[in-house]
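sequence below, structure please.
(one chain, ligands or ions: 1)
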Amino acid sequence: MSGSNPDHFRRRLLQGAAATWLLSVSGVGVAAPLTSVIGVRVWPSSAYTRMTLESKTPLNYYQFALANPDRIVIDIKDMHLNSVLKSIPRQIHSSDPYLKQVRVAQFDTNTVRLVLELKQKITPNLFILPPVAEFKNRLVIDLYPSNSNAAEAGDPLLALLKEYNQGALEKDQPAPVVQTKKAGSNRPLVIMLDPGHGGEDPGAIGKNGTKEKDIVLQIARRLRTLIQKQSGMKVYMTRNEDVFIPLKVRVAKARKQQADLFISIHADAFSDRSARGSSIFALSTKGATSSAAQYLANSQNEADQIGGVSKSGDVYLDHTIFDLVQTATIGSSLKFGKEVLGRMGRVTKLHRNKVDQAGFAVLKAPDIPSILIETAFISNLEEERKLKTAKFQQQIADSVFAGIKTYFATLKR
Ligand SMILES: [Zn+2]
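Sure, this is the predicted structure:
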(Lines give C-alpha, C1' and ligand atoms only; values in the text may rest on other atoms or scores of the structure.)
Protein backbone atom coordinates (compact mmCIF):
# COMPACT_ATOMS: atom_id res chain seq x y z
CA MET A 1 0.00 0.00 0.00
CA SER A 2 1.57 3.25 -1.07
CA GLY A 3 -0.30 5.19 1.62
CA SER A 4 2.14 4.06 4.28
CA ASN A 5 5.14 5.38 2.35
CA PRO A 6 6.33 8.61 3.99
CA ASP A 7 7.62 9.98 0.66
CA HIS A 8 4.22 9.58 -0.91
CA PHE A 9 2.67 11.20 2.09
CA ARG A 10 5.00 14.21 1.87
CA ARG A 11 4.29 14.53 -1.85
CA ARG A 12 0.58 14.47 -1.17
CA LEU A 13 0.90 17.24 1.37
CA LEU A 14 2.78 19.34 -1.18
CA GLN A 15 0.16 18.64 -3.83
CA GLY A 16 -2.58 19.63 -1.40
CA ALA A 17 -0.80 22.87 -0.50
CA ALA A 18 -0.22 23.81 -4.15
CA ALA A 19 -3.84 23.15 -5.04
CA THR A 20 -5.18 25.34 -2.24
CA TRP A 21 -2.86 28.15 -3.27
CA LEU A 22 -4.00 27.95 -6.91
CA LEU A 23 -7.61 28.15 -5.83
CA SER A 24 -7.11 31.22 -3.68
CA VAL A 25 -5.18 33.24 -6.31
CA SER A 26 -7.63 32.37 -9.08
CA GLY A 27 -10.40 33.93 -7.01
CA VAL A 28 -12.60 30.81 -6.78
CA GLY A 29 -13.28 31.75 -3.19
CA VAL A 30 -12.78 29.85 0.04
CA ALA A 31 -12.13 26.25 -0.88
CA ALA A 32 -13.61 23.42 1.16
CA PRO A 33 -10.91 21.62 3.12
CA LEU A 34 -9.41 19.01 0.85
CA THR A 35 -9.38 15.35 1.64
CA SER A 36 -6.89 12.95 0.18
CA VAL A 37 -7.02 9.24 -0.33
CA ILE A 38 -4.10 7.62 1.48
CA GLY A 39 -4.76 4.02 0.54
CA VAL A 40 -6.61 1.97 -2.04
CA ARG A 41 -7.13 -1.78 -1.86
CA VAL A 42 -8.94 -4.04 -4.31
CA TRP A 43 -10.05 -7.54 -3.28
CA PRO A 44 -11.54 -9.57 -6.13
CA SER A 45 -13.25 -12.84 -5.18
CA SER A 46 -15.77 -15.20 -6.72
CA ALA A 47 -18.56 -13.95 -4.41
CA TYR A 48 -17.93 -10.22 -4.75
CA THR A 49 -15.24 -7.67 -5.44
CA ARG A 50 -14.44 -5.13 -2.78
CA MET A 51 -12.63 -1.84 -3.32
CA THR A 52 -11.69 0.26 -0.30
CA LEU A 53 -10.59 3.89 -0.38
CA GLU A 54 -9.01 5.09 2.84
CA SER A 55 -8.71 8.67 4.02
CA LYS A 56 -7.80 10.61 7.16
CA THR A 57 -11.12 12.48 7.04
CA PRO A 58 -14.53 11.04 6.08
CA LEU A 59 -15.12 10.76 2.33
CA ASN A 60 -18.06 12.52 0.76
CA TYR A 61 -19.33 10.63 -2.30
CA TYR A 62 -22.13 10.49 -4.83
CA GLN A 63 -22.82 7.39 -6.90
CA PHE A 64 -24.85 6.54 -10.00
CA ALA A 65 -24.99 3.90 -12.73
CA LEU A 66 -24.66 4.10 -16.52
CA ALA A 67 -25.66 1.48 -19.08
CA ASN A 68 -24.26 0.40 -22.48
CA PRO A 69 -21.70 -0.52 -21.41
CA ASP A 70 -22.47 -1.07 -17.71
CA ARG A 71 -20.58 1.34 -15.51
CA ILE A 72 -20.72 2.66 -11.97
CA VAL A 73 -19.70 6.28 -11.47
CA ILE A 74 -18.51 7.51 -8.09
CA ASP A 75 -17.82 11.20 -7.54
CA ILE A 76 -15.75 12.08 -4.49
CA LYS A 77 -16.07 15.66 -3.31
CA ASP A 78 -13.35 17.96 -1.96
CA MET A 79 -10.72 15.80 -3.52
CA HIS A 80 -7.76 16.17 -5.84
CA LEU A 81 -6.23 13.45 -7.91
CA ASN A 82 -3.09 12.07 -6.27
CA SER A 83 -0.68 9.22 -6.92
CA VAL A 84 -2.70 6.85 -4.72
CA LEU A 85 -5.87 7.40 -6.78
CA LYS A 86 -3.89 7.20 -10.01
CA SER A 87 -2.67 3.74 -8.93
CA ILE A 88 -6.20 2.25 -8.97
CA PRO A 89 -6.18 1.10 -12.64
CA ARG A 90 -2.99 -0.86 -11.98
CA GLN A 91 -4.63 -2.66 -9.05
CA ILE A 92 -7.39 -4.23 -11.15
CA HIS A 93 -6.72 -7.89 -11.91
CA SER A 94 -7.58 -9.21 -15.36
CA SER A 95 -9.07 -12.26 -13.59
CA ASP A 96 -11.49 -10.10 -11.55
CA PRO A 97 -14.93 -11.61 -12.29
CA TYR A 98 -16.79 -8.31 -11.95
CA LEU A 99 -14.48 -5.39 -12.55
CA LYS A 100 -13.03 -4.78 -15.99
CA GLN A 101 -11.25 -1.49 -15.49
CA VAL A 102 -11.39 1.71 -13.47
CA ARG A 103 -10.78 5.17 -14.86
CA VAL A 104 -9.88 8.00 -12.51
CA ALA A 105 -9.94 11.69 -13.39
CA GLN A 106 -10.31 15.16 -11.92
CA PHE A 107 -13.94 15.85 -12.89
CA ASP A 108 -14.08 19.47 -11.74
CA THR A 109 -11.98 21.67 -9.45
CA ASN A 110 -12.93 19.77 -6.31
CA THR A 111 -14.28 16.45 -7.53
CA VAL A 112 -12.52 13.25 -8.43
CA ARG A 113 -14.54 10.88 -10.60
CA LEU A 114 -14.09 7.13 -10.61
CA VAL A 115 -15.66 5.22 -13.49
CA LEU A 116 -15.89 1.49 -12.84
CA GLU A 117 -16.26 -0.49 -16.06
CA LEU A 118 -18.01 -3.78 -15.34
CA LYS A 119 -17.79 -7.25 -16.81
CA GLN A 120 -21.43 -8.10 -15.96
CA LYS A 121 -24.55 -6.60 -14.35
CA ILE A 122 -23.66 -5.56 -10.82
CA THR A 123 -25.55 -4.56 -7.70
CA PRO A 124 -23.23 -2.18 -5.89
CA ASN A 125 -23.25 -1.70 -2.13
CA LEU A 126 -21.36 1.38 -0.96
CA PHE A 127 -20.89 2.28 2.67
CA ILE A 128 -18.65 4.26 5.00
CA LEU A 129 -16.64 2.70 7.81
CA PRO A 130 -15.29 4.83 10.68
CA PRO A 131 -11.68 4.47 11.83
CA VAL A 132 -10.89 1.28 13.76
CA ALA A 133 -7.52 -0.17 14.81
CA GLU A 134 -4.90 0.90 12.25
CA PHE A 135 -7.55 1.74 9.64
CA LYS A 136 -8.68 5.34 8.98
CA ASN A 137 -11.99 6.44 7.42
CA ARG A 138 -12.98 4.13 4.60
CA LEU A 139 -15.35 4.15 1.67
CA VAL A 140 -16.16 0.54 0.84
CA ILE A 141 -17.41 -0.32 -2.64
CA ASP A 142 -18.77 -3.88 -2.84
CA LEU A 143 -19.74 -5.21 -6.26
CA TYR A 144 -22.16 -8.13 -6.24
CA PRO A 145 -23.41 -9.90 -9.36
CA SER A 146 -27.06 -8.98 -10.11
CA ASN A 147 -27.92 -12.29 -11.76
CA SER A 148 -26.58 -14.82 -9.38
CA ASN A 149 -29.20 -17.55 -9.20
CA ALA A 150 -26.82 -20.14 -10.63
CA ALA A 151 -24.07 -19.18 -8.21
CA GLU A 152 -26.42 -19.17 -5.23
CA ALA A 153 -27.78 -22.61 -6.03
CA GLY A 154 -24.35 -24.16 -5.56
CA ASP A 155 -23.26 -22.09 -2.59
CA PRO A 156 -25.61 -20.00 -0.44
CA LEU A 157 -22.83 -17.57 0.47
CA LEU A 158 -23.83 -14.91 -2.02
CA ALA A 159 -27.49 -15.00 -1.00
CA LEU A 160 -26.48 -14.74 2.65
CA LEU A 161 -24.16 -11.80 1.97
CA LYS A 162 -27.05 -10.02 0.25
CA GLU A 163 -29.41 -10.73 3.14
CA TYR A 164 -26.76 -9.41 5.49
CA ASN A 165 -26.37 -6.20 3.49
CA GLN A 166 -30.13 -5.67 3.53
CA GLY A 167 -30.24 -6.26 7.28
CA ALA A 168 -32.42 -9.33 6.78
CA LEU A 169 -30.01 -11.67 8.55
CA GLU A 170 -30.70 -9.76 11.75
CA LYS A 171 -34.44 -10.23 11.64
CA ASP A 172 -35.39 -13.48 9.96
CA GLN A 173 -33.43 -16.16 11.69
CA PRO A 174 -34.85 -19.64 11.37
CA ALA A 175 -35.74 -21.40 14.63
CA PRO A 176 -33.12 -23.85 15.89
CA VAL A 177 -33.17 -27.07 13.92
CA VAL A 178 -33.15 -30.33 15.78
CA GLN A 179 -31.97 -32.92 13.30
CA THR A 180 -34.24 -35.94 13.39
CA LYS A 181 -32.11 -38.08 11.13
CA LYS A 182 -29.01 -39.24 12.93
CA ALA A 183 -25.76 -38.22 11.26
CA GLY A 184 -23.90 -41.26 10.00
CA SER A 185 -26.83 -43.67 9.81
CA ASN A 186 -29.07 -42.19 7.13
CA ARG A 187 -27.29 -38.95 6.28
CA PRO A 188 -23.70 -37.72 6.27
CA LEU A 189 -22.17 -35.74 9.10
CA VAL A 190 -21.96 -32.16 7.82
CA ILE A 191 -18.92 -30.14 8.88
CA MET A 192 -18.43 -26.42 8.26
CA LEU A 193 -14.84 -25.24 8.38
CA ASP A 194 -14.32 -21.56 9.05
CA PRO A 195 -10.88 -20.16 8.27
CA GLY A 196 -10.81 -16.89 10.25
CA HIS A 197 -10.51 -13.39 8.77
CA GLY A 198 -9.79 -12.79 5.05
CA GLY A 199 -9.64 -10.00 2.50
CA GLU A 200 -9.46 -6.58 4.14
CA ASP A 201 -9.13 -8.24 7.54
CA PRO A 202 -5.71 -9.95 7.70
CA GLY A 203 -6.21 -11.17 11.27
CA ALA A 204 -3.08 -11.08 13.38
CA ILE A 205 0.26 -10.44 11.69
CA GLY A 206 3.48 -12.01 12.97
CA LYS A 207 6.71 -10.10 13.45
CA ASN A 208 8.01 -11.56 10.17
CA GLY A 209 4.90 -10.54 8.27
CA THR A 210 3.02 -13.86 8.34
CA LYS A 211 -0.70 -13.19 8.03
CA GLU A 212 -3.15 -15.20 10.11
CA LYS A 213 -5.74 -15.22 7.28
CA ASP A 214 -3.33 -17.08 4.95
CA ILE A 215 -2.14 -19.67 7.49
CA VAL A 216 -5.62 -20.59 8.71
CA LEU A 217 -6.86 -21.03 5.14
CA GLN A 218 -4.00 -23.45 4.46
CA ILE A 219 -4.79 -25.45 7.61
CA ALA A 220 -8.52 -25.52 6.77
CA ARG A 221 -7.77 -26.81 3.25
CA ARG A 222 -5.61 -29.62 4.70
CA LEU A 223 -8.43 -30.56 7.07
CA ARG A 224 -10.96 -30.41 4.24
CA THR A 225 -8.87 -32.86 2.20
CA LEU A 226 -8.91 -35.35 5.10
CA ILE A 227 -12.68 -35.08 5.58
CA GLN A 228 -13.37 -35.38 1.85
CA LYS A 229 -11.69 -38.79 1.82
CA GLN A 230 -13.86 -40.02 4.70
CA SER A 231 -17.14 -41.70 3.83
CA GLY A 232 -20.20 -40.56 5.77
CA MET A 233 -18.91 -36.99 6.08
CA LYS A 234 -19.52 -33.86 4.07
CA VAL A 235 -17.42 -30.72 4.35
CA TYR A 236 -18.00 -27.05 3.48
CA MET A 237 -15.93 -23.94 4.02
CA THR A 238 -17.16 -20.47 4.92
CA ARG A 239 -14.44 -19.16 2.63
CA ASN A 240 -11.95 -20.85 0.31
CA GLU A 241 -10.25 -17.72 -0.94
CA ASP A 242 -8.94 -14.41 0.32
CA VAL A 243 -12.28 -12.70 0.90
CA PHE A 244 -13.90 -10.87 3.82
CA ILE A 245 -16.97 -12.68 5.21
CA PRO A 246 -18.82 -11.08 8.16
CA LEU A 247 -19.05 -13.25 11.28
CA LYS A 248 -22.85 -13.50 11.14
CA VAL A 249 -22.70 -14.66 7.51
CA ARG A 250 -20.29 -17.43 8.52
CA VAL A 251 -22.76 -18.64 11.18
CA ALA A 252 -25.71 -18.29 8.77
CA LYS A 253 -23.90 -20.34 6.14
CA ALA A 254 -23.39 -23.18 8.63
CA ARG A 255 -27.08 -23.09 9.54
CA LYS A 256 -28.12 -23.04 5.89
CA GLN A 257 -26.15 -26.24 5.25
CA GLN A 258 -27.56 -27.72 8.50
CA ALA A 259 -24.04 -28.37 9.72
CA ASP A 260 -23.47 -30.80 12.59
CA LEU A 261 -20.17 -29.16 13.53
CA PHE A 262 -18.71 -25.70 13.08
CA ILE A 263 -14.94 -25.34 13.37
CA SER A 264 -13.39 -21.88 13.28
CA ILE A 265 -9.63 -21.85 12.77
CA HIS A 266 -7.38 -19.04 14.01
CA ALA A 267 -3.78 -18.16 14.94
CA ASP A 268 -4.18 -14.90 16.80
CA ALA A 269 -1.76 -12.57 18.51
CA PHE A 270 -1.60 -11.85 22.19
CA SER A 271 -0.32 -8.71 23.90
CA ASP A 272 2.35 -10.81 25.58
CA ARG A 273 4.79 -12.09 22.91
CA SER A 274 5.93 -14.92 25.16
CA ALA A 275 2.40 -16.40 25.20
CA ARG A 276 2.33 -19.66 23.26
CA GLY A 277 0.46 -22.90 22.74
CA SER A 278 -2.85 -24.01 21.29
CA SER A 279 -6.23 -23.43 22.85
CA ILE A 280 -9.82 -24.28 22.06
CA PHE A 281 -12.88 -22.20 22.78
CA ALA A 282 -16.57 -22.88 23.08
CA LEU A 283 -19.26 -20.24 23.48
CA SER A 284 -19.98 -18.77 26.85
CA THR A 285 -23.29 -17.02 27.42
CA LYS A 286 -22.16 -15.64 30.78
CA GLY A 287 -18.56 -14.48 30.79
CA ALA A 288 -15.11 -15.50 29.70
CA THR A 289 -13.44 -18.25 31.70
CA SER A 290 -9.99 -16.65 31.39
CA SER A 291 -8.56 -13.23 30.62
CA ALA A 292 -6.93 -14.59 27.45
CA ALA A 293 -10.36 -15.86 26.37
CA GLN A 294 -11.85 -12.42 26.93
CA TYR A 295 -9.00 -10.69 25.09
CA LEU A 296 -9.22 -13.00 22.07
CA ALA A 297 -13.02 -12.86 21.91
CA ASN A 298 -12.94 -9.07 21.92
CA SER A 299 -10.29 -8.79 19.21
CA GLN A 300 -11.98 -11.46 17.11
CA ASN A 301 -15.40 -9.78 17.34
CA GLU A 302 -13.86 -6.41 16.51
CA ALA A 303 -12.63 -7.84 13.22
CA ASP A 304 -16.14 -7.34 11.88
CA GLN A 305 -15.68 -3.60 12.21
CA ILE A 306 -12.47 -3.76 10.20
CA GLY A 307 -13.99 -5.50 7.24
CA GLY A 308 -17.66 -4.66 7.13
CA VAL A 309 -20.61 -2.86 8.57
CA SER A 310 -20.81 -3.37 12.29
CA LYS A 311 -24.32 -4.58 13.07
CA SER A 312 -25.69 -4.41 16.54
CA GLY A 313 -28.20 -6.62 18.26
CA ASP A 314 -27.98 -10.25 19.09
CA VAL A 315 -30.67 -12.31 17.45
CA TYR A 316 -29.88 -15.49 19.30
CA LEU A 317 -28.95 -15.11 22.91
CA ASP A 318 -31.72 -12.74 23.96
CA HIS A 319 -34.47 -15.24 23.30
CA THR A 320 -35.41 -17.54 26.11
CA ILE A 321 -36.78 -20.06 23.64
CA PHE A 322 -33.26 -20.63 22.37
CA ASP A 323 -31.72 -21.06 25.80
CA LEU A 324 -32.36 -24.76 26.25
CA VAL A 325 -31.13 -25.62 22.78
CA GLN A 326 -28.14 -23.33 23.24
CA THR A 327 -27.20 -24.91 26.56
CA ALA A 328 -27.30 -28.39 25.05
CA THR A 329 -25.28 -27.16 22.08
CA ILE A 330 -22.60 -25.66 24.31
CA GLY A 331 -22.41 -28.99 26.14
CA SER A 332 -21.75 -30.75 22.83
CA SER A 333 -19.23 -28.07 21.84
CA LEU A 334 -17.29 -28.64 25.07
CA LYS A 335 -17.34 -32.39 24.51
CA PHE A 336 -16.12 -32.04 20.92
CA GLY A 337 -13.54 -29.41 21.92
CA LYS A 338 -12.15 -31.76 24.56
CA GLU A 339 -11.65 -34.53 21.96
CA VAL A 340 -9.73 -32.17 19.68
CA LEU A 341 -7.71 -30.56 22.49
CA GLY A 342 -6.57 -33.97 23.77
CA ARG A 343 -5.18 -34.83 20.34
CA MET A 344 -3.57 -31.47 19.79
CA GLY A 345 -1.83 -31.84 23.15
CA ARG A 346 0.08 -34.79 21.71
CA VAL A 347 1.64 -32.77 18.88
CA THR A 348 2.00 -29.27 20.32
CA LYS A 349 2.12 -27.36 23.58
CA LEU A 350 -1.27 -26.34 24.97
CA HIS A 351 -1.92 -22.84 26.24
CA ARG A 352 -4.63 -24.18 28.54
CA ASN A 353 -5.43 -27.78 29.44
CA LYS A 354 -9.16 -27.38 29.20
CA VAL A 355 -11.61 -25.92 26.70
CA ASP A 356 -11.96 -22.18 27.34
CA GLN A 357 -15.25 -20.30 27.02
CA ALA A 358 -15.96 -16.76 25.82
CA GLY A 359 -18.57 -14.79 23.85
CA PHE A 360 -17.20 -15.27 20.34
CA ALA A 361 -19.81 -14.05 17.84
CA VAL A 362 -18.83 -16.75 15.37
CA LEU A 363 -19.76 -19.53 17.83
CA LYS A 364 -23.33 -18.34 18.35
CA ALA A 365 -25.33 -20.76 16.20
CA PRO A 366 -27.83 -22.02 18.80
CA ASP A 367 -28.13 -25.45 17.22
CA ILE A 368 -24.64 -26.31 15.94
CA PRO A 369 -21.84 -27.48 18.23
CA SER A 370 -19.12 -24.94 17.47
CA ILE A 371 -15.52 -24.55 18.51
CA LEU A 372 -12.84 -21.98 17.79
CA ILE A 373 -9.30 -23.31 17.58
CA GLU A 374 -6.37 -21.03 18.29
CA THR A 375 -3.76 -23.20 16.60
CA ALA A 376 -0.84 -21.14 17.96
CA PHE A 377 0.08 -17.53 18.74
CA ILE A 378 1.36 -15.81 15.63
CA SER A 379 2.75 -13.09 17.95
CA ASN A 380 5.24 -15.62 19.30
CA LEU A 381 8.33 -15.76 17.02
CA GLU A 382 8.84 -19.50 17.38
CA GLU A 383 5.16 -20.25 16.75
CA GLU A 384 5.04 -17.89 13.78
CA ARG A 385 7.85 -19.91 12.20
CA LYS A 386 6.07 -23.18 13.02
CA LEU A 387 2.70 -22.04 11.66
CA LYS A 388 4.22 -21.67 8.19
CA THR A 389 5.49 -25.25 8.04
CA ALA A 390 3.56 -27.97 6.23
CA LYS A 391 4.42 -30.32 9.10
CA PHE A 392 2.71 -28.26 11.81
CA GLN A 393 -0.26 -27.39 9.61
CA GLN A 394 -0.78 -31.09 8.85
CA GLN A 395 -0.41 -32.06 12.52
CA ILE A 396 -3.16 -29.64 13.45
CA ALA A 397 -5.40 -30.87 10.62
CA ASP A 398 -4.77 -34.51 11.63
CA SER A 399 -5.56 -33.77 15.29
CA VAL A 400 -8.83 -32.01 14.49
CA PHE A 401 -9.80 -34.78 12.10
CA ALA A 402 -9.12 -37.46 14.74
CA GLY A 403 -11.20 -35.41 17.19
CA ILE A 404 -14.08 -35.27 14.69
CA LYS A 405 -14.01 -39.04 14.20
CA THR A 406 -14.05 -39.79 17.94
CA TYR A 407 -16.81 -37.27 18.61
CA PHE A 408 -18.78 -38.70 15.71
CA ALA A 409 -18.38 -42.23 17.10
CA THR A 410 -19.73 -41.17 20.51
CA LEU A 411 -22.79 -39.69 18.76
CA LYS A 412 -23.60 -43.00 17.11
CA ARG A 413 -23.45 -44.95 20.36
ZN1 LIG B 1 -8.13 -14.78 14.45
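
just say helix, strand or coil for residue 45.
When the structure is split into helix, strand and coil by DSSP: H, G, I helix; E, B strand; the rest coil, residue 45 lands in coil.

enumerate every residue touching it.
199, 241-243 (Cβ atoms under 8 Å, 6 or more residues apart in numbering). All C-beta spots, glycine's among them, are computed from the backbone N, C-alpha and C.

and with 7 Å instead?
241, 243 (Cβ atoms under 7 Å, 6 or more residues apart in numbering).

ranges for the strands of this structure?
Secondary structure of the chain by DSSP state E: the strands cover 37-43, 49-55, 61-66, 71-77, 99-108, 111-118, 122-129, 137-145, 189-195, 233-237, 261-266, 279-283, 356-358, 370-374.

show me what the longest one packs onto, helices and strands only.
Right, the one you point to is strand 99-108. Secondary-structure packing of strand 99-108 (3 or more Cβ pairs under 7 Å, 6 or more residues apart in numbering; DSSP states H and E): strand 111-118.

hmm, who's touching the strand it packs on?
69-77, 79-81, 85, 98-107.

which of the residues you listed count as buried?
Restricting those to buried positions leaves 70-72, 74-77, 79-81, 85, 98-99, 102, 104, 107, with burial counted as 16 or more other Cβ atoms under 10 Å.

and of these, the nearest to residue 398?
The shortest gap between residue 398 and any of those belongs to residue 98, at 37.8 Å (Cβ to Cβ).

so that closest one sits against residue 124, correct?
No: the pair residue 98 / residue 124 is not scored as a contact, 9.8 Å apart, by Cβ atoms under 7 Å.

mutual contacts of these two, please.
Taking Cβ under 7 Å, 6+ apart as the criterion, residue 98 and residue 124 both touch residue 143.

next up, the contacts around whichever residue of the stretch 251-400 of the chain sits closest to the ion.
For the stretch 251-400 of the chain and the ion, the shortest gap (Cβ to the ion) falls at residue 266, measuring 3.5 Å. In this structure, residue 266 makes contact with 196, 212, 216, 372-375, judged by Cβ under 7 Å, 6+ apart.

just give the nearest non-adjacent residue to it, would you?
Distances taken as Cβ to Cβ, 6 or more residues apart in numbering place residue 196 nearest to residue 266, at 4.3 Å, with adjacent residues excluded.

from the stretch 51-200 of the chain, which residue is nearest to the ion?
Relative to the ion, the nearest point of the stretch 51-200 of the chain is residue 196 (4.0 Å; Cβ to the ion).

residues in the stretch 251-400 of the chain within reach of the ion, list them.
With Cβ under 5 Å from the ion as the criterion, the stretch 251-400 of the chain comes near the ion at residues 266, 268.

repeat that for 8 Å
Counting by Cβ under 8 Å from the ion, the residues of the stretch 251-400 of the chain lying close to the ion are 266-268, 296, 299-300, 303, 374.

ok, the residue nearest to residue 266 touching residue 263?
No: in terms of Cβ under 7 Å, residue 196 does not count as a neighbour of residue 263; the distance is 10.8 Å.

more crowded one of these two?
Comparing residue 196 with residue 263 by other Cβ atoms under 10 Å, the one with more neighbours is residue 196, at 30 against 26.

domain parsing for the chain?
For the chain, whose domains are defined here by automatic domain parsing, the residue ranges read 31-146, 180-412.

as JSON lines, these with mean pLDDT would be great.
JSON lines is the format used below for these (pLDDT from 0 to 100):
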{"stretch": "domain 31-146", "mean pLDDT": "93"}
{"stretch": "domain 180-412", "mean pLDDT": "89"}
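
deepest of those, which one?
Greatest average neighbour count among the domains of the chain goes to domain 180-412 (a mean of 20), per mean count of other Cβ atoms under 10 Å.

re earlier: what's near enough to touch the residue of the stretch 51-200 of the chain closest to the ion?
Taking Cβ under 7 Å, 6+ apart as the definition, contacts of residue 196 comprise 203, 212-213, 216, 264-266.
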